[in-house]
Structure formats: C-alpha cells, structure tokens
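**Student:** This is a predicted model, with the sequence first.
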Amino acid sequence: MKKIKYFLLLAVIPHMNAQNKPYLDTTKTIDERIALLMKEMTLEEKVGQMNQYNGFWEVTGPAPKGGDAEKKYEHLRKGWVGSMLTVRGVKNVRAVQKIAVEETRLGIPLIIGFDVIHGYKTVSPIPLAEAASWDLEAIKKSAQMAADEASASGINWTFGPNVDITRDARWGRIMEGAGEDPYLGSKIAIARVKGFQGDTKEDLSKVNTIAACAKHFAAYGFVESGKEYNIVDMSISNLYNLVLPPFKAAKDAGVRTFMNSFNTLNGTPATGNKYLQRTILKGEWNFDGFVISDWASIREMINHGFANDPADATLKAINAGSDMDMESYFYVAELVHLVKSGQVKEDLVDDAVKRILRVKFELGLFENPYKYCDEEREKKVIGSKKNNEIALDVAKKSIVLLKNDNQLLPLKKTGQKIALIGALANDKNSPLGSWRIASDDNTAVSVFEGMQKYKDNQLIYKKGTDLTIGKTSFIDELTFNTTDTSGFEDAIALAKKSDVVVMVLGEHGFQTGEGRSRTDLNLPGNQQQLLEAVYDVNPNIVLVLNNGRPLALPWAYEHIPAILEAWQLGTQTGNAVAEVLYGDYNPSGKLPISIPRNVGQCPIYYNSYNTGRPINSDNNVFWSHYIDVEKTPQYAFGYGLSYTTFEYKNLKINKIDFALNEPIQITIEVTNTGKYDGKEVVQLYLHDVTASLSRPIKELKGFELVNLKKGETKTVIFTLTQSELGFYDNNGTYLIESGIFHIMIGGNSETGLKSSFKLNE
C-alpha cells in the first residue's frame with residue numbers, strides 16, 4: 001500500500017510543480033518551456049547559466065568558509081552556476097544538484113561535465129588506437145560503455161569526442177583524435193557521438209546516455225611545430241577540406257555541444273572567433289546546441305594579445321558565440337555590467353541561455369534532476385564484466401601488425417622458451433594512457449599478466465631497465481632513466497637462453513596528451529640501448545610498442561623482425577596483446593596516421609600534393625625530396641599486416657563517363673589467400689587529376705571492413721556520390737568539377753589496383 005501511495009505522489013508532483021513553475025509542464029514543447037523559464041529569469045540568473053565552475057569543495061561536507069570557495073558556493077546557491085565539472089560519484093553529484101534544484105529561486109538543474117575521453121572507470125584504448133581498428137561499431141560500443149559508466153556515476157556530459165585532425169606526431173594530443181584523415185575522422189566522429197548520446201535525439205534522455213562535445217573548434221591539430229597552445233595559420237580551403245569535416249559530421253550526428261580551442265586561427269583566438277562560431281557553426285550549419293570555452297580560454301585571450309582585460313575578453317567571447325565560460329570566471333564577473341551598460345546586447349545572452357537550457361531539457365534534468373544519481377546502478381554498472389569485455393574487444397582490434405619477418409608471430413602455444421623484457425611489460429598503470437582521471441591507478445592488465453595465461457610455454461620476465469624515475473602523474477613532467485643500466489645483464493642473460501624475446505617498449509602513458517609535445521620521437525630513456533643489447537645476443541625479437549603517438553624508430557624498423565603497434569590499450573591491455581601474440585586474435589588494425597622515418601619529416605601525411613617537381617625525372621637534385629632520407633613515411637596511412645594474406649582482383653567501374661550528379665558504382669573482389677581466417681580493411685582512394693585548385697594525389701573516400709575465411713572471396717561495392725567527388729574552394733564553396741578521376745583500391749594508401757573515370761558537364 002505504501003508503494004502505491006508513493007508512485008501516486010510521484011505522478012502528482014509534476015502537476016503541482018507545473019502550477020507554480022509552468023516550465024515544468026511536460027505537456028508543453030521544449031521551446032515553449034524554455035520561453036516560459038526565460039520570462040522568469042533575471043539577467044544575473046541568465047548569466048549564471050553561462051558560468052561553469054570546477055569542483056571547489058568537499059561537496060558532501062560542510063559549506064566552505066572564506067576565500068574563493070565560499071564565493072563560488074554562494075554563486076551556486078543564488079543560481080549563478082549553470083554547470084560544474086569534475087564532480088563525480090552519485091553522492092557528490094546529488095549534493096551539488098540538491099543545492100541547485102532545492103535552494104535556488106528557480107531550481108534549474110546543473111549539467112555535470114567530465115573528461116570521459118577513452119573510458120571512465122573501465123578504460124578503453126586511447127582514441128588514436130581505437131581509430132586504428134577502423135571498426136566503427138566497436139568504436140561506438142566503446143563510447144556507449146564509457147557513457148554507461150559515467151552516467152552511473154552521476155555525470156551527464158562528456159568533453160568528447162576530440163575530432164581534431166592532425167598530421168604532426170610531435171603534438172601530444174594526437175592520442176585524443178582519429179589521426180590524419182578527415183574522411184576516416186568523420187566516420188569515427190559519428191560513431192563516438194552516437195555511442196555517447198544514442199542513435200536518436202530522444203535517446204539523450206535515457207539514463208545511460210550523456211551529452212557529447214565535439215572539440216576543439218577549430219584547427220587545434222595544426223598548431224605550429226606541434227607545440228601545445230600554439231598558433232595556426234591556414235587557408236580557408238584547408239580549413240573546410242581538412243579540419244571541419246569531422247566537426248560537421250558530429251553536428252549532423254546530433255552532437256549537443258562544441259568546445260572551442262586554445263589556438264589562434266589566422267590571428268584570432270578560436271574562443272573569440274566569430275567566423276568559426278557564428279558564421280560557420282551557428283550560421284551555415286544551423287547548430288542549435290551550445291558552445292563552451294576550453295579551460296580558461298576566455299581569460300587566455302588576454303595573453304594572446306587579443307583582449308585588453310576581463311571585460312574586453314568577455315565582450316569578444318560572447319560576441320563571437322562562446323556560450324559558456326569554463327573556469328575563467330569572466331562571464332559571471334563582467335557580463336551583467338556589459339549588458340546593462342549597452343556594450344553587449346541582451347539578445348546574445350538570451351540566445352546562449354536558450355541553447356544551454358535546451359540541452360538540459362533534452363537530457364530530462366528538469367523532469368528528474370537526480371536521474372543520474374542511482375547508487376545501486378552505480379555499483380552494478382561501473383567496472384562490470386560486460387564493460388571489460390567491450391574494452392577487450394576494441395583493444396584487440398586496435399593493434400596493428402607492422403612487421404612479421406620469418407613468421408615469428410603468432411607465437412607457439414607450447415614448447416617455446418619466451419623471454420619477456422621491458423619495464424612496460426609489467427606495468428599496470430602506463431597502459432591506461434593519459435586521459436583516465438576517473439580510473440584507479442594500476443588497474444590495467446599488464447602484458448606479463450596476459451601472457452601468463454598461456455601456461456604451456458616457459459615464460460620468464462626481466463625488466464631490463466626502469467623507464468622513469470620518481471613519481472608519474474597527469475600534471476607533472478616525467479623524468480626518464482638514461483643512466484641506470486643495472487638490469488641489462490639479467491635481461492641479456494635471459495635473452496641468450498630463450499627461443500623468442502618479446503620486448504615491450506615505448507612511451508609512458510603520461511608522455512602523451514595535453515601539454516606533452518615532443519621534438520624527438522624515439523624510445524625515451526635507455527630503451528634503445530637495451531633493445532640493441534638484447535638484439536646482439538638474440539635477434540628473434542617481437543617488439544611490442546606501447547605509445548600514444550607514432551614513433552620514429554629507424555633502427556628498430558630495419559632490424560627487428562616482428563613489430564606490433566599496440567598503443568596504450570587501457571584496462572585490458574595485457575589480455576589483448578597476449579591474444580594477438582599467440583594467434584587467438586588475428587591482427588586487423590590499420591594505421592590512422594603515417595609513421596615518419598624521423599622527426600624531420602613531420603608533419604607527414606599520405607594525402608599530400610604533387611608539387612611542380614614530384615619525381616626525379618632529370619636524374620639531378622632539383623626535385624621535391626630530402627637529400628638525407630626518403631620522402632615517404634616508414635609506414636603509410638592505412639597500413640597494417642595480418643597473419644593471413646589478401647589478394648585484390650577484378651576492379652570494375654559500372655561505366656567510364658558520368659554526369660556530375662550521377663553516382664558511380666565500383667566493385668572489387670578480395671580473397672583471403674593465406675592460412676588463417678582474417679579481416680581486411682578494403683580502402684578506396686580518389687584523385688581529382690585537374691581542378692580549379694590543386695588537389696591531393698589521393699584521398700580516402702570509402703572503406704569496408706571485410707571478414708574472410710581462409711580461401712574465401714567476397715565482392716566489395718563502393719558508391720561515390722557528390723559528397724565524395726567534390727571539394728571546398730577558398731570561399732568555403734563546395735565544388736564538383738568535370739574531368740578525369742583516378743581511383744585506387746587496396747589494403748593501404750600506397751598500393752592497390754587502379755582505374756579511372758570521367759565526369760562530364
């Protein structure tokens with residue numbers, strides 16, 4: 001009887017509230033409810049919705065006394081805070097939400113943000129690694145898993161996905177994105193947005209989805225010299241053709257928020273860039289969600305020399321279209337005065353607030369502000385067996401086999417003496433990667449642990465050398481061991497008496513990510529010295545690379561017979577690596593980024609231009625090249641081997657001449673010619689031979705992940721439409737021009753079968 005009364009009360013409460021607060025009336029549309037709420041809001045309360053604070057006190061404890069924390073607390077109680085970030089855990093989120101809903105005049109709920117970049121408690125591979133899977137469904141499931149865990153912890157908004165395209169391995173945040181290609185990046189952006197938010201707009205109100213945020217808008221991946229927070233200078237055509245496609249794809253997939261970037265673009269900080277935010281995003285694309293600054297990026301416009309003071313920075317940010325201020329404190333301090341003095345139109349404030357409120361309504365926060373605060377769900381979901389299975393699946397699919405001379409791989413499951421060497425081989429922390437702030441330290445399965453499950457071999461581990469010295473943390477610079485070689489002797493002795501040596505080398509998980517640009521892409525510390533010393537006594541080495549960016553390792557790529565690019569794979573790292581090493585999973589990953597021969601080639605990318613002198617036609621020095629190294633990458637975009645082999649044949653185009661608006665159908669047969677079942681990423685590249693602007697020598701315009709049993713043949717069908725055939729000019733106008741187009745289909749960006757067709761006026 002008590003339960004019946006309780007549910008009857010729940011049914012009556014919304015109607016009671018709707019009488020006092022008509023914007024809670026669920027029979028009205030969201031637009032109507034926003035309009036009703038806006039009528040009730042003071043200017044100060046409107047500006048408050050545009051203000052985001054980081055967690056600033058122990059929220060389940062007493063209210064803070066004194067200083068900045070007390071001031072922020074009072075702002076929260078007045079309704080002058082629209083969002084908080086880094087508050088997590090059901091008890092903590094419930095505490096801050098209770099203040100916003102029950103102690104403020106209007107009871108507007110908070111949206112709770114967090115950096116759920118590659119998993120929450122259960123950590124998936126870093127995004128660059130996931131991109132190497134080219135498996136859109138696996139990437140989507142990984143984002144779903146992250147949303148499931150984050151929402152169970154009280155969070156309803158993630159600052160992801162990062163959809164920055166980059167070509168420069170020096171840039172630390174290369175690990176956060178999908179690599180160098182806008183077509184692949186666009187497909188992955190869609191997968192991640194739908195993974196976080198659900199397939200439909202209505203899915204956003206479910207308890208296991210969270211609002212996504214496309215970042216960093218825009219061109220952050222093209223910072224000069226790969227240096228964090230730096231400048232970007234690029235043409236409009238490059239902006240539209242290279243940078244914007246994944247953002248547009250995310251918008252079309254329904255992403256509810258955008259985050260602007262730290263860099264300047266052609267002299268204007270992105271946070272104050274009206275062309276990006278109002279002309280393109282809210283104008284051309286008709287985006288109806290809201291834009292948040294990156295951490296204190298409104299404040300940083302003063303450092304850029306673009307704004308005089310807090311008031312000037314505030315004015316320029318709101319005029320440009322930045323709707324919410326993350327941790328600058330400028331909007332809440334300056335915006336009311338700017339409006340009242342007539343320097344900022346209140347219409348701009350109203351537009352920003354409506355956008356923010358819309359997302360809160362879509363999340364269902366007004367109906368149930370505590371919907372993400374279920375402690376039983378928190379216990380059940382976070383770290384579940386199902387989520388670990390999802391993390392393992394995408395981790396295996398992210399591994400790229402770069403080299404397998406002498407068929408060292410897969411390892412035999414019986415009768416081998418295997419030496420496992422390298423500090424990273426027994427590391428349970430580094431494999432979690434950079435952005436894993438909700439996870440617990442030392443919770444990754446190490447490679448040593450993963451390989452120990454295969455008990456019929458003699459496996460012995462020796463560290464060989466320490467990688468780092470002292471503490472490792474997200475906010476501190478790392479110190480690497482370059483002098484202590486005391487462990488070399490034991491490792492070398494073990495290698496001498498082993499059949500095969502597995503060496504796990506690379507970067508520490510905190511060596512990539514924000515603020516971690518490098519000018520040297522080698523193995524840090526004395527790992528290279530250890531590798532060469534072991535090779536001298538036993539060249540049968542399988543090198544497993546753990547890293548967050550492409551590494552330039554010319555000696556290793558030349559000498560080591562078997563190499564796995566295993567990135568930083570998250571919680572299930574060791575299990576994933578072991579399954580690939582022993583052949584229980586046939587590697588199918590392909591590189592989403594070119595691997596340079598040395599750092600001097602950076603930035604390097606497959607979709608380059610011919611130049612006026614592309615080849616050495618006259619047998620002299622006067623052509624586009626380096627005099628000290630090949631101009632090609634060590635391993636090209638799209639490259640990746642398998643334990644089996646694939647043959648391409650019978651490339652056919654349904655005809656040769658087409659009208660500009662006519663779809664083009666292309667077929668090719670792919671056969672598994674090896675001894676193992678496997679997967680192949682069939683890739684289609686296009687070259688517009690002559691155009692009004694020079695076009696790249698090849699551009700990815702289609703791919704298909706195909707499962708093939710040994711001996712099996714499948715026909716893969718591609719269709720090229722106006723979306724794939726055109727490009728943007730320097731006015732941002734999309735053009736499809738007549739002329740000859742070359743195509744290539746194969747297993748990477750360098751080799752494949754070729755044909756051509758013609759578009760007619």
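**Tutor:** Nice, I can see it.

**Student:** show me what contacts residue 435?
**Tutor:** By CB atoms under 8 Å, 6 or more residues apart in numbering, residue 435 lies in contact with 115, 117, 118, 126, 176, 513. Where you see a C-beta, it was placed from the backbone N, CA and C, and this is true even at glycine.

**Student:** farthest pair in those residues?
**Tutor:** Farthest-apart pair in the contacts of residue 435 is 115 and 126; separation 13.0 Å (CB to CB).

**Student:** Who has more neighbours out of those two?
**Tutor:** residue 126 (33 against 20; other CB atoms under 10 Å).

**Student:** Give me the neighbour count for residue 120.
**Tutor:** Residues near residue 120, counting by other CB under 10 Å: 31.

**Student:** if you skip the residues just before and after it, what's nearest to it?
**Tutor:** Distances taken as CB to CB, 6 or more residues apart in numbering place residue 149 nearest to residue 120, at 3.8 Å, with adjacent residues excluded.

**Student:** so which strand or helix has the one you found?
**Tutor:** Assigned by DSSP states H and E, residue 149 belongs to helix 136-152.

**Student:** One more: residue 76?
**Tutor:** Counting by DSSP H and E, residue 76 is part of helix 67-78.

**Student:** That helix: which residues count as buried?
**Tutor:** Residues of helix 67-78 classed as buried by neighbour count (16 or more other CB atoms under 10 Å): 72, 73, 75, 76.

**Student:** try stretch 78-93
**Tutor:** Under the neighbour-count rule (16+ other CB under 10 Å), stretch 78-93 has 79-90, 92-93 buried.

**Student:** Need phi/psi at the residue lying closest to residue 655 once chain neighbours are set aside.
**Tutor:** Distance criterion CB to CB, 6+ apart; nearest residue to residue 655, sequence neighbours excluded, is residue 757 at 7.7 Å. The phi/psi pair for residue 757 (degrees, to the nearest 10) reads phi -150, psi 170.

**Student:** can you give me the mean pLDDT across stretch 713-731?
**Tutor:** Computed over stretch 713-731, the mean pLDDT rounds to 97.

**Student:** right, I mislabeled it, should have said stretch 163-174
**Tutor:** For stretch 163-174, the per-residue pLDDT averages 97.

**Student:** again, but for stretch 201-216
**Tutor:** Stretch 201-216 comes out at a mean pLDDT of 97.

**Student:** what comes up buried for it?
**Tutor:** 204, 205, 206, 208, 209, 210, 211, 212, 213, 214, 215, 216.

**Student:** The last one and residue 160: what is the separation?
**Tutor:** I take that to be residue 216. 11 Å (CB to CB, to the nearest Å).

**Student:** just checking, residue 45 touches residue 79?
**Tutor:** Yes - under the criterion of CB atoms under 8 Å, residue 45 makes contact with residue 79 at 5.0 Å.

**Student:** Give the residues shared as contacts by these two.
**Tutor:** Contacts common to residue 45 and residue 79, judged by CB under 8 Å, 6+ apart, are 105, 106, 108.

**Student:** List only buried entries from the residues you listed.
**Tutor:** 106, 108.

**Student:** Identify each buried residue in stretch 303-317, please.
**Tutor:** For stretch 303-317, by 16+ other CB under 10 Å, it's 304, 306, 307, 310, 311, 312, 313, 314, 315, 316, 317.

**Student:** Next, residue 667: phi, psi?
**Tutor:** phi -130, psi 150.

**Student:** who touches it in this structure?
**Tutor:** Contacts of residue 667 (CB under 8 Å, 6+ apart): 650, 651, 652, 715, 716, 717, 718.

**Student:** Who wins on neighbours among those?
**Tutor:** Neighbour max across the contacts of residue 667 (other CB under 10 Å) = residue 718, 20 neighbours.

**Student:** Would you verify that that one is located in a helix?
**Tutor:** No - counting by DSSP: H, G, I helix; E, B strand; the rest coil, residue 718 is not part of a helix but strand.

**Student:** which intervals of the protein have sub-threshold pLDDT?
**Tutor:** In the predicted model, the chain carries pLDDT under 70 at residues 1-19.

**Student:** redo that, cut-off 90
**Tutor:** 1-21, 55-69, 406, 437, 457, 471-476, 616-619, 623, 761 (pLDDT under 90).

**Student:** Residue 461 touches residue 448, doesn't it?
**Tutor:** Yes - assessed by CB under 8 Å, residue 461 is found in contact with residue 448 at 5.2 Å.

**Student:** between these two, what contacts are shared?
**Tutor:** Going by CB under 8 Å, 6+ apart, residues that sit against residue 461 and also against residue 448 are 420, 425, 426.

**Student:** quick one: which of those sit in strands?
**Tutor:** Secondary structure defined by DSSP state E assigns residue 420 of these to strands.

**Student:** hmm, back to that, ok now the helix or strand that the helix holding residue 149 is followed by, how far from the chain's centre?
**Tutor:** Downstream of helix 136-152, the first helix or strand assigned by DSSP H and E is strand 157-158. Computed by CA atoms, centre = their mean, to the nearest Å, the separation of strand 157-158 from the middle of its chain amounts to 14 Å.
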